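Q: Sequence and predicted structure, then a few things I'm wondering about:
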Amino acid sequence: MKRVFIKIAIIAAILFAALALLSIRKSPERISYGASFSVFHSRELGLDWKTVYDAILQDLGVRMFRFSAHWPLTEPEKGNFNWTELDYQIKEAETYDAQVTLAVGRRLPGWPECHEPEWVKSLSKEEKQTAILTYITEVVNRYKNSPAISTWQIENEPFLTFFSRKHCADFFDKDFLTEEIKVVRALDPSRPILITDSGELGLWYNAYSLGDEFGTSVYIYIWNQYVGPIRYPITPAFFRIKANLVQFFKGKKPISLIELSAEPWLLQSIVDTPIDTALGQMDIEKFNHVLSFAKKTSFENQYLWGAEWWFYMKEHEHPEFWEKGREIFNQEKSDNRSEKILE
């Protein structure tokens, strides 16, 4: 029995040492911060999207964005494309010399995860796929000549198939995702393609394999309808280990923290949730903890999710999140100016 315990202890020590080695990842000299912006989410919050976007761009000073070309907004009627919102966002990004990752596809950031216009709901899966490729082609062709576009994101966490099944159903098809990538590459071979996966729940392998770049999410505080509010029992080393493993097996390519949750995860819409309940999920102390946690993951580029909510909270007498955002991005601008002087 003693020998068995010794063997178990040795195996445990080896595993612990292996995990410790896998968690070692060079920390970046500095973190470059960006933010997601969504017309869709701004409207959910009852806000004027243009006012929010202008404030994020001008007051916060964000210069790295992730936009979403949500299909229902982009093609509300078959063949009738609405470019008003995206044109404005891209044009202003160009004016302020900002970089944009533009996400296209059926599954894009924001609940209910899969977004499709009413006119496609009666179509077969194959007909929908044809319609998606048409919409993606129109979006890429319209913006591929913009100097603001740095990256194309295709779909969002497409391999997270068990999440939001009610809205996404069994639509996912790896072969079709590969076809989407092929179409975008042919339309704009000059820019990289980003594929994303869930940080906590995704395996990363497939998403990492398909894209030129890989993006992960980090959600620390969530709210499960059965268990209640919980904090994921993970540390930053969890993400460093996953990054090291996938790069070891599939080779090195850029990895970004494309969605860092900096707004509350709730069971209903924010506007239908009491402010005190939302603050229970994401007060300024938790907000700062999320930022500190993310720094230790060692990802060089980190895009915060929730800037629209910061603006919403500022309008509801809680400016602390907006002010913290301004501090983050003003430091980013200061660092960039210092680099230019040194050059």
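A: Thanks, I have it.
Q: Please give the element, helix or strand, for the residue nearest to the spatial centre of the chain.
A: Most central in the chain under C-alpha atoms, centre = their mean is residue 259, positioned 3.0 Å from the mean C-alpha point. For residue 259, the host element (DSSP states H and E) is strand 255-261.
Q: What pairs with that strand, parallel or antiparallel?
A: Note on strand 255-261: by DSSP bridges, its sheet partners are strand 213-218 (parallel), strand 301-305 (parallel).
Q: Any buried residues in the shortest one, and which?
A: What it means is strand 301-305. Buried residues in strand 301-305, counting neighbours by 16 or more other C-beta atoms under 10 Å, are found at 301-305. Every C-beta, even on glycine, is put in place using the N, C-alpha and C of the backbone.
Q: where does the stretch 101-250 of the chain dip in pLDDT?
A: Under the criterion pLDDT under 70, no range of the stretch 101-250 of the chain is flagged.
Q: now the helices for the stretch 201-343 of the chain?
A: Here the stretch 201-343 of the chain has its helices, by DSSP state H, counting those that start in this stretch, at 205-210, 236-250, 275-281, 284-295, 307-315, 320-342.
Q: Contact partners for the closest residue to the residue nearest to the centre of the chain other than its chain neighbours?
A: Of all residues not flanking residue 259 in the chain, residue 217 sits nearest, at 3.9 Å (C-beta to C-beta, 6 or more residues apart in numbering). Going by C-beta atoms under 8 Å, 6 or more residues apart in numbering, residue 217 touches 157, 196-200, 257-261, 305.
Q: Can you say which of those are buried?
A: By 16+ other C-beta under 10 Å, the contacts of residue 217 give 157, 196-199, 257-261, 305 as buried.
Q: if I look at the residue nearest to residue 259, how far off is residue 109?
A: 9 Å (C-beta to C-beta, to the nearest Å).
Q: Pull up the overlap in contacts between the two.
A: 259, 305.
Q: circling back to that earlier point, what are the contacting residues of the strand holding residue 259?
A: By C-beta under 8 Å, 6+ apart, strand 255-261 touches 36, 66, 101, 109, 153, 194, 196, 199, 213-221, 243, 247, 290-291, 294, 297, 299-306.
Q: Residue 227 is nearest to which of the helices of the stretch 201-343 of the chain?
A: Each of the helices of the stretch 201-343 of the chain has some distance to residue 227 by C-beta to C-beta; the shortest is helix 275-281, at 13.8 Å.
Q: For the closest one, what is the distance to the chain centroid?
A: Chain-centre distance of helix 275-281: 23 Å, with C-alpha atoms, centre = their mean, to the nearest Å.
Q: buried stuff in that helix?
A: 278, 280-281.
Q: same question, stretch 291-302
A: 291, 293-294, 297-299, 301-302.
Q: Farthest-apart pair in the residues you listed, please.
A: So for these, where distance means C-beta to C-beta, the most widely separated pair is 293 and 301, at 16.1 Å.
Q: burial measure for residue 31, as a count.
A: Per other C-beta atoms under 10 Å, the neighbour tally for residue 31 reads 20.
Q: and residue 103, which of the three is it?
A: strand (DSSP: H, G, I helix; E, B strand; the rest coil).
Q: Report the contact partners of it.
A: Taking C-beta under 8 Å, 6+ apart, one finds 66-69, 109, 152-156 in contact with residue 103.
Q: So which of these are in strands?
A: If you go by DSSP state E, these have 66-68, 152-154 in strands.
Q: of the residues you listed, closest to residue 183?
A: residue 154 (9.1 Å).
Q: which residues does the closest one contact?
A: Residue 154 neighbours (C-beta under 8 Å, 6+ apart): 103-105, 136, 177, 180-181, 184, 193-195, 211.
Q: List the ones among those that fall in strands.
A: With DSSP E as the criterion, strands contain 103-104, 193-195 from among the contacts of residue 154.
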